[in-house]
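Enquirer: Starting from these lines, generate the structure:
(chains A and B)
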Amino acid sequence: MKHNIQSDHNKIMVVAQPDHPLYMELIQHYKVRTLDEAINSFDTYDLVIDLSPLRTQKKFLFLNELAKTTKADIISDLTLCWGEWILKYSPQVKASVSTLFYSPNKAFEYSLRDESDETFLSLIKIFADTINQEMIGHKNLGLSFHYPRTIAMIINEAYFALGDKLASATAIDLAMKNGVNYPLGPFEWGEKIGLHLIAQLLEELSTITRDERYKLSTELKLQAFKYQ
Amino acid sequence: MKINTVVVIGAGTMGQGIAQWFTQQNLIVEMVDQNYEFALISLDRIYQSFDKLAKANKLSSDDVSHFKKNISVKKVDDINTNADLVVEAIIENLTAKNTLFAHLDQLMSKQTIFASNTSSFSINQLSQAVNDQRKRNFLGLHFFNPATIMKLVEVVSGLETNPEILNFLFEWFNSKNKTACICSDSPGFIVNRVARNFYGEALRAVDVYDVEKFREVDTVMKKVGGFKMGPFELMDLIGIDINYSVTESVYRAFFDEPRFKPHRLQRDMVIAGRLGKKTGKGFFSYET
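Expert: As a prediction, the model looks like this:
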């Protein structure tokens, strides 16, 4: 599909939930629809930017439902998904982004289905500029985006350490900031991202890989419950 | 309780930095190394560092002459046996540390606090070298490199450590512009445990030797995550062998817990002698 929407945000539908970290920015510039609104919409769009916080199976089903209502190409947030799988089975997804995890630097990762696709590169650039974020490329999206999986593992370990009574959360935050110059302590970071998202990503990685390294700390599981 | 006199044992990078930092707190510091000549070289480096700081107007000339007077090199049997604190920063070898602590236990006054800067051994394991009374004065003080600059000191409690000593040192370090964090005696303490997956997950994201991918992960972690360095450039700086050894040690200490499992790429890099910046080649190449 040809895109002539560089300056016309009316031709774009953004799908996001009110708890998306960039929601306030998004509603200033775009028509933002919830998941239900998106699949029941009769409006026509040239492009859908799907920022829904869904894991692989639910994302796949949602994208299928969406395909019944629109022929528009999709840029989809695959933070909580097995990216490679979605790209293989949801051909309408032309590019993916990872905007669900709070970034201290106001930046997100993106990945193009076709690395030479200038159109989608330009569309993501416009989207990033509009919501005042920087975009960083990730080639050949495999299991997951780099930043979310890494920070999720660091935060999970901090909760394991807390559960083991290694030190207080304050001490752990201070240690990571002063010992290895982290911009935030893992507990502060977890609060900013939302522990429910961290829990969902780790559960997804665990489901896909069957690797025990992704098992959730009981302490994090307990805390994540309050967000749901 | 007071800290006026300190003996630092081990004059390598960490010992030298720790000795310099204590000296800059206006304490009387004695530095010891198995190799006396090496300790003298370290002392000279400390003197040079003081001079550089004076040149940069960070220390006065009075400070410098005062500090130079207050730090000295001693042989282990000539140290001040009434020192308030002994900090061990020798090679990470259990036998060497135990032998040293057993000797110091005989030598030092009952009040002297014993601390180890170990990053890989358990404080409870090290304190087995001393008598029961000393065990109450025995703890970990884990500094970070460079010790004169990095603010963190992990104050590690053994099972027998007197809580009053822990709290005293916690307050004392915080009053000296360090950030002290009390933690229990557990593998990797706080930082070396919680930071493991900064490297481990990055290695799994890449999985095979691919310089373009190393660069991509580093860029993402700096630009999206706000980290000062990416995991691969940081491993190259630390030394891939050292990073691998810490990972292995934490993994073993947690009885092969999968969260800490080393990655084969780390091992392969070590086998190939690509240890990072120090060998000119690591994940990236530094040869000119």
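Enquirer: Could you check how far stretch B:217-233 is from the centre of its chain?
Expert: Here the centre of stretch B:217-233 is set off from its chain's centre by 24 Å, with Cα atoms, centre = their mean, to the nearest Å.
Enquirer: pLDDT (mean, whole number) over that stretch?
Expert: Mean pLDDT, stretch B:217-233: 98.
Enquirer: ok, is that stretch in contact with chain A or not?
Expert: Yes. Interface with chain A: stretch B:217-233 contributes B:Val217, B:Thr219, B:Val220, B:Met221, B:Lys223, B:Val224, B:Gly225, B:Gly226, B:Phe227, B:Lys228, B:Pro231 (Cβ under 8 Å from any Cβ of the partner chain). Every residue, glycine included, has its C-beta placed from N, CA and C.
Enquirer: List buried residues within the residues you listed.
Expert: B:Val217, B:Thr219, B:Val220, B:Met221, B:Lys223, B:Val224, B:Gly225, B:Gly226, B:Phe227, B:Pro231 (16 or more other Cβ atoms under 10 Å in any protein chain shown).
Enquirer: Closest one to chain A out of the residues you listed, please.
Expert: Closest approach to chain A among those (Cβ to the nearest Cβ): B:Gly226, at 3.6 Å.
Enquirer: OK, contacts around the closest one?
Expert: A:Ser103, A:Pro104, A:Asn105, A:Pro183, A:Leu184 (Cβ atoms under 8 Å, 6 or more residues apart in numbering or on different chains).
Enquirer: quick one: the second one from chain B, how far?
Expert: In this view, A:Pro104 and chain B are 4 Å apart by Cβ to the nearest Cβ, to the nearest Å.
Enquirer: helix/strand/coil for that residue?
Expert: Following DSSP: H, G, I helix; E, B strand; the rest coil, A:Pro104 is assigned to coil.
Enquirer: which residues touch the spatially most central residue of chain B?
Expert: Computing the C-alpha centroid of chain B and ranking residues by Cα atoms, centre = their mean puts B:Phe143 first, at 4.4 Å. For B:Phe143, the contact set (Cβ under 8 Å, 6+ apart) comprises B:Met14, B:Gly17, B:Ile18, B:Trp21, B:Ala89, B:Asn117, B:Met150, B:Leu152, B:Val153.
Enquirer: Apart from its neighbours in sequence, what residue is nearest the first one?
Expert: It refers to B:Met14. In space, and not counting its chain neighbours, B:Met14 is closest to B:Ala89: 4.6 Å by Cβ to Cβ, 6 or more residues apart in numbering or on different chains.
Enquirer: cool, B:Lys278 as well?
Expert: Using Cβ to Cβ, 6+ apart, the closest residue to B:Lys278 is B:Gly239 (5.9 Å).
Enquirer: Strands of the chain, start to end?
Expert: All of this is about chain A. Assigned by DSSP state E, chain A shows strands spanning A:12-15, A:31-33, A:47-50, A:73-77, A:93-98, A:107-112, A:134-137.
Enquirer: nope, chain B please
Expert: B:5-9, B:28-32, B:71-74, B:85-88, B:113-116, B:138-143, B:152-157, B:179-184.
Enquirer: okay, those in CSV with mean pLDDT next?
Expert: Converted to CSV, those look like this (pLDDT from 0 to 100):
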stretch, mean pLDDT
strand B:5-9, 98
strand B:28-32, 98
strand B:71-74, 98
strand B:85-88, 98
strand B:113-116, 98
strand B:138-143, 98
strand B:152-157, 98
strand B:179-184, 98
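Enquirer: Including distance to B:Ala54, could those strands go into TSV?
Expert: TSV is the format used below for the strands of chain B (distance: least, Cβ to Cβ, whole Å):
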stretch	distance to B:Ala54
strand B:5-9	22
strand B:28-32	18
strand B:71-74	15
strand B:85-88	25
strand B:113-116	29
strand B:138-143	23
strand B:152-157	25
strand B:179-184	26
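Enquirer: who wins for proximity to B:Ala272 among the ones you listed?
Expert: strand B:138-143 (30.7 Å; Cβ to Cβ).
Enquirer: from the middle of its chain, how far away would the closest one be?
Expert: Using Cα atoms, centre = their mean, the offset of strand B:138-143 from its chain centre is 9 Å.
Enquirer: export it as CSV, just CAs?
Expert: Below are the C-alpha coordinates for strand B:138-143, written out as CSV (Å, rounded to 0.1, in the frame of the first residue of the first chain):
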residue,chain,number,x,y,z
PHE,B,138,35.0,-9.6,60.8
LEU,B,139,33.1,-8.3,57.8
GLY,B,140,33.3,-7.5,54.1
LEU,B,141,34.1,-4.1,52.7
HIS,B,142,33.7,-4.3,49.0
PHE,B,143,35.0,-1.3,47.2
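Enquirer: Partner strands of that strand, with direction?
Expert: strand B:113-116 (parallel), strand B:152-157 (antiparallel) (DSSP bridges).
Enquirer: mind putting those strands in TSV, mean neighbour count included?
Expert: Below are the strands paired with strand B:138-143 laid out as TSV (neighbours: other Cβ atoms under 10 Å in any protein chain shown):
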stretch	mean neighbour count
strand B:113-116	25
strand B:152-157	25
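Enquirer: Many thanks, I have nothing further to ask.
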